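# I need the structure of the sequence given here:
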Amino acid sequence: MAASGARAVLGPTIHVMRCDLSAFIDPGLLALVDESRDFYSRRPPGRGPANLHQLLEVRQAVPEPDACRPTPTVEVVSADGRNVPVRVHHPIDCSPVAVILEIHTGGFYLGSAAGSDVRNRRLVEALGVAVVSVDYRLAPEHPWPAAPDDCETAAMWLVEHAGARFGTTTLAMTGFSAGSTLAAATMLRLRDRGIHAFSGAVLQCGTYDLSARTPPGRLIADEYFIRAYVGEVTDRTNPDLSPIFADLSGLPPVLIVVGADDVLLQDNLAMAMRLMAAGVDVDLRIYPASPHAFSGHATSMGRAALAGIDEWLGDRIGVPG
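Model (predicted):
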């Protein structure tokens, strides 16, 4: 007890911030939860192929992608001595305000740029942008680093030629699932080259630890697609494979979109926190009652996520409100 007449010495005021998952969920989305739960009750979650035979069967069963109108142009672009095929979607009767590099989904072993045609056409019409989708090589025939090499080639081509080809040097990037992993790796490669030409990146439900060295990474450590993609690499903490282990400083603003029921939720939370700690401008948005790849499904929650992505991209690339 202090002696009579002594002045109490008070320490500095401490401001405590308490945060839970709901802090990253728009309360307005809660009205959509029942619809989402009903939709997914009829779509039980699945697993990826367990071996090469199953992988090839999955590929064989994939239907032809839905066509879009107008159809994109298909070409091969070059940068730094490498070539890669891309699909290019142009606005109708106007010049694009920006160009978005899109990196498609598919667990590194499945999918194509054509599979994103309808989604990319919607983005063109919503924002008045051009979209370039890269047809990167797939595992296991082409394990790492083939896919990030191809994505880097497309990104470098845009950096060098977007002004002449599209009339704008405003660039952004989007990735979906494995495409988000590749988008993160591509941004890191560009940063390491001293290139800061992209205004922002949208990363949907990516996986950022392929090494199983973190608790989130261990949740999918037994998936065959990871072994197929990494090939003979022994150290999977290589940031080009597992971006969560990278020095993440100097990256452009990032929007991370993930469902609360996604097996990759913790991986996305960890990536968001590491980006924030590195000083990157991060917008983390979690969607309730939503599993992996939910924004590709015909639900109100998925449509809300797409509308949010459109708004975020529009702010980054200067689309008038």
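# For the longest helix seen in the chain, name the packing helices and strands.
Counting by DSSP state H, the longest helix found in the chain is helix 146-166. Helix 146-166 sits against strand 73-79, strand 82-89, strand 99-103, strand 130-134, strand 171-176, helix 178-192, with contacts defined as 3 or more Cβ pairs under 8 Å, 6 or more residues apart in numbering; DSSP states H and E. Quick note: C-beta positions are derived from backbone N, CA and C, even for glycine.
# out of the ones you listed, which comes closest to Y287?
Shortest separation from Y287 across the helices and strands packed on helix 146-166 is recorded for strand 171-176, at 14.3 Å, computed as Cβ to Cβ.
# Okay, now the sheet partners of that closest one, with direction.
strand 99-103 (parallel), strand 198-204 (parallel) (DSSP bridges).
# Report the buried residues of it.
Within strand 171-176, the residues that count as buried by 16 or more other Cβ atoms under 10 Å are L171, A172, M173, T174, G175, F176.
# Just send the helices and strands packed on helix 146-166 back as a markdown table, with distance to D267 and mean pLDDT too.
Converted to a markdown table, these look like this (distance: least, Cβ to Cβ, whole Å; pLDDT from 0 to 100):
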| stretch | distance to D267 | mean pLDDT |
| --- | --- | --- |
| strand 73-79 | 30 | 97 |
| strand 82-89 | 27 | 98 |
| strand 99-103 | 17 | 98 |
| strand 130-134 | 23 | 98 |
| strand 171-176 | 14 | 98 |
| helix 178-192 | 10 | 98 |
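# rewinding a little: closest one of the buried residues of strand 171-176 to M187?
The closest of those, once distances to M187 are taken by Cβ to Cβ, is M173, at 6.9 Å.
# So for the closest one, what's the nearest residue that isn't a sequence neighbour?
A201 (4.2 Å; Cβ to Cβ, 6 or more residues apart in numbering).
# residues touching A277, list them.
L248 (Cβ atoms under 8 Å, 6 or more residues apart in numbering).
# one more time with 10 Å
A277 sits next to L248, S249 when contact means Cβ atoms under 10 Å, 6 or more residues apart in numbering.
# Which phi and psi values does it adopt?
phi -60, psi -30 (degrees, to the nearest 10).
# ok, it to A307 distance?
To A307, A277 is 29 Å away according to Cβ to Cβ, to the nearest Å.
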